[in-house]
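# fold the stuff below for me.
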Amino acid sequence: MDFALLGICYDRTQTFRRGSAKGPQMLRSIFPKLETYIRGIDLTDSAFIKDLGDIHPETLEQLMSQTSAKLRGLKQFPIILGGEHTVTLGAVKELKPDVLVVLDAHPDCEDSNGHNGVVRRISEMIGPENIYMYGIRCMSRKEEEFIKEKSIKVASLKDLSNIEGRAYLSIDYDVLDPSIVPAVGNPEPDGITVNNLLEAVRALGKNLAAVDFVEFTPLSSSEEDVYTLLAGKVIYATLAEIVRAKGFK
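Residues are numbered from 1 along each chain as shown. This next block holds a predicted model:
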């Protein structure tokens, strides 16, 4: 199966912890150290990745234009490495999926043009009825009111399995419990497990059209390499599930 890998090094609006602009480079550095045989899928044989390189936008306008230029006319399945969650905005605008599925601890539905408002902005592009959230566990009152008003779906696995159309999957690492990967911008307790995350990927199955991994934010600690390794394993395991779902094993 043919993939295209793009790193978007952008963290202009991160609030609690900044540094996710370094995420793509760190994740790339760990890939050669990862096992490629995952649950019966050997990515060495089944995944062929075209590297589109990294972009380093300084403004939201540059983020949108540079992302569009990289993804325009792409034939391969896009894999995007963030960067803060705002990077999803540019990718969705260019790729035009039918549905956005967000795995995140937060709904990101504030009325802003930053990482905490990205889902709200995307709902204006593709319609709130085409937004699905999984793993949400922390939101403001205004976000809760917006979600209810717009009937945005806080989804179960069954809901995800019933989705129709081309689905863009956005995975914010803070959806995972911080005991697994604490190297995120806004950690929240009581998160999901890696297996829960992969169950969501399986539920989406053949409908998947693109995926991003955002908000991996380095820590200044001796465990940084360990958490980068774990974050990389999440990416490889997700790709293995996509390969399986698309029938390329």
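# okay, buried residues for the longest helix along the chain please.
In the chain, with assignment by DSSP state H, the single longest helix is helix 224-246. Using 16 or more other CB atoms under 10 Å as the test for burial, helix 224-246 gives 227-228, 230-245. Using the backbone N, CA and C atoms, a C-beta is placed for each residue, glycine as well.
# do the same with stretch 28-36
Neighbour counts using 16+ other CB under 10 Å place 30, 36 of stretch 28-36 among the buried residues.
# again, but for stretch 16-29
Across stretch 16-29, burial judged by 16+ other CB under 10 Å covers 17, 19-21, 23-24, 26-27.
# next: stretch 57-72.
57, 60, 63-64, 66-67, 70-71.
# which strands or helices does the strand or helix carrying residue 3 pack on?
Assigned by DSSP states H and E, residue 3 belongs to strand 2-8. Strand 2-8 sits against helix 23-30, strand 48-55, helix 60-71, strand 77-82, helix 87-95, with contacts defined as 3 or more CB pairs under 8 Å, 6 or more residues apart in numbering; DSSP states H and E.
# redo the ones you listed as TSV? Include mean pLDDT and distance to residue 139.
Listed next are the helices and strands packed on strand 2-8 as TSV, based on pLDDT from 0 to 100; distance: least, CB to CB, whole Å:
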stretch	mean pLDDT	distance to residue 139
helix 23-30	96	24
strand 48-55	96	30
helix 60-71	98	23
strand 77-82	98	21
helix 87-95	98	18
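# tabulate the ones you listed (JSON lines), appending distance to residue 143.
Listed next are the helices and strands packed on strand 2-8 as JSON lines, based on distance: least, CB to CB, whole Å:
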{"stretch": "helix 23-30", "distance to residue 143": "24"}
{"stretch": "strand 48-55", "distance to residue 143": "29"}
{"stretch": "helix 60-71", "distance to residue 143": "21"}
{"stretch": "strand 77-82", "distance to residue 143": "21"}
{"stretch": "helix 87-95", "distance to residue 143": "17"}
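# and those: which comes nearest residue 218?
Proximity to residue 218 (CB to CB) singles out helix 23-30 among the helices and strands packed on strand 2-8, at 6.2 Å.
# and the angle from that closest one to strand 77-82?
Relative orientation of helix 23-30 versus strand 77-82 (axes from the mean of the first three to the mean of the last three CA atoms, to 10 degrees): 110 degrees.
# and helix 23-30, how far out from the chain middle?
15 Å (CA atoms, centre = their mean, to the nearest Å).
# packing partners of it?
Going by 3+ CB pairs under 8 Å, 6+ apart, helix 23-30 lies up against strand 2-8, strand 77-82, helix 224-246.
# and the ones you listed: which comes nearest residue 95?
Counting by CB to CB, residue 95 lies closest to strand 77-82 out of the helices and strands packed on helix 23-30; the figure is 6.7 Å.
# contacts for that closest one?
1-8, 10, 20, 23-24, 27-28, 49, 71, 87-88, 91, 95, 208-216, 235, 239, 242 (CB atoms under 8 Å, 6 or more residues apart in numbering).
# now do 7 Å
With contacts defined as CB atoms under 7 Å, 6 or more residues apart in numbering, strand 77-82 is touched by 1-8, 20, 23-24, 27, 71, 87, 91, 95, 210-215.
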